[in-house]
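Q: Provide a 3D model corresponding to the input given below.
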Amino acid sequence: MKDLVQDGDSLVADSAFADGVDRRVFLKAALGTGFAAATLPVAAQSVIKTDTAGLTAGTVQIKVGGTTVPVYRAQPEGKTNLPVILVVSEIFGVHEHIADIARRFAKLGYLALAPELFVRQGDPQKVPNIADLIRDIISKTPDAQVMGDLDACVDWARHNGGNVDKLGITGFCWGGRITWMYSAHNPKVKAGVAWYGRLVGEPSANTPKHPIDIATSLKVPVLGLYGAKDTGIPVDTVKRMEAELAKGSSGSTFVVYPDAGHAFNADYRPSYVEADARDGWSRALAWFKSHGVA
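A: Numbering: from 1, shown residues only. Coordinates of the predicted model:
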């Protein structure tokens, strides 16, 4: 039995479910590890697990207008005046991989916040297939709503041990695109790191602009980490984005990994490329440090 697994920017054929395997049993078992249904299969042998020793970690609730937005928070226990990192998820929401990334930042001295940005539209972790997820949740999530929720996270951090004068943002796939857009939205962001986020697209009511549309006016330096084999984000779109960025003065730049495809940092997926993921992580940390976030 073949399933098609896509994350909004790329499409990958997967044959994890052999004849005789009950998909519902597999789903239940995998979900027990904290991963979203639509991310299956989980490549358990490569999953990075960061513990909470020395951390304060868990979900906090932030009120945005009349909505309560759950936010996974991780930070060094008992510490204040911490640099702040917003961690923006893929289309799958804040499942275990995103929470683990927040803990990785916390282990390095950051207050990391990963908000559930689809909370008004639905729970992406409960949707078993990509087509329904994109149709029913992702396509109905307005950029303006996302920007407001991230602003609320920054405000929460300001009052809860974070130093928002040292504010950074990073995101993956859908969150990579949001990293570019929020860096244009909030000039207080010191730096961003966008992992394989879509750069071009058709405008719509919910997504009136895309990163290439804001490139010339972008002032926040963003590091783009992309894969040359990403069929959903062709290298020519990266080159187009570079040309537009060159017309401004943000200091943004790209690293394109020749042997990586989409989601090469997703250690729970078959797309994971360990060497490039490790290099990207090191570059991200250095980028934040060199731009006053650390």
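Q: next, the buried residues of the one helix or strand residue 112 maps to.
A: Using DSSP states H and E, residue 112 sits in strand 111-115. Neighbour-count burial for strand 111-115, counted by 16 or more other CB atoms under 10 Å, picks out 111-115. C-betas here are computed from N, CA, C, even on glycine.
Q: buried residues in the helix or strand that it is followed by, which are they?
A: Going down the chain from strand 111-115, the next helix or strand is helix 130-136, by DSSP H and E. Neighbour-count burial for helix 130-136, counted by 16+ other CB under 10 Å, picks out 130, 133-134.
Q: from the residues you listed, which one has the minimum pLDDT?
A: Of all those, residue 130 has the smallest pLDDT value, namely 91.
Q: does that one touch residue 38 like I think?
A: Yes - contact criterion CB atoms under 8 Å: residue 130 and residue 38 qualify, at 5.3 Å.
Q: helices along the stretch 51-200 of the chain, start to end?
A: Assigned helices in the stretch 51-200 of the chain, in chain order: 96-107, 130-136, 143-158, 174-185 (criterion: DSSP state H, counting those that start in this stretch).
Q: who touches stretch 57-67?
A: For stretch 57-67, contacts defined as CB atoms under 8 Å, 6 or more residues apart in numbering pick out 68-75, 99, 102-103, 106, 115, 119-120, 148-149, 152-153, 156, 160.
Q: burial of residue 263, as a residue count?
A: By the criterion of other CB atoms under 10 Å, residue 263 has 28 neighbours.
Q: correction: residue 99
A: Residues near residue 99, counting by other CB under 10 Å: 23.
Q: next one: residue 120
A: By other CB under 10 Å, the residues close to residue 120 number 17.
Q: give me the nearest residue to it, chain neighbours excluded.
A: residue 67 (5.8 Å; CB to CB, 6 or more residues apart in numbering).
Q: same check on residue 166?
A: In space, and not counting its chain neighbours, residue 166 is closest to residue 83: 3.7 Å by CB to CB, 6+ apart.
Q: the one you found against residue 110, yeah?
A: Yes - contact criterion CB under 8 Å: residue 83 and residue 110 qualify, at 5.3 Å.
Q: give me the common contacts of these two.
A: Here residue 83 and residue 110 share the contacting residues residue 294, scored by CB under 8 Å, 6+ apart.
Q: measure residue 283 to residue 205 for me?
A: 35 Å (CB to CB, to the nearest Å).
Q: between these two, which one's more packed in?
A: Neighbour count, other CB under 10 Å: between residue 283 and residue 205, residue 283 has more, with 15 against 7.
Q: quick one, what contacts that one?
A: 193, 223, 225, 255.
Q: average model confidence for the helix or strand harbouring it?
A: Secondary-structure assignment from DSSP H and E places residue 283 in helix 274-290. Here helix 274-290 scores 98 as its mean pLDDT.
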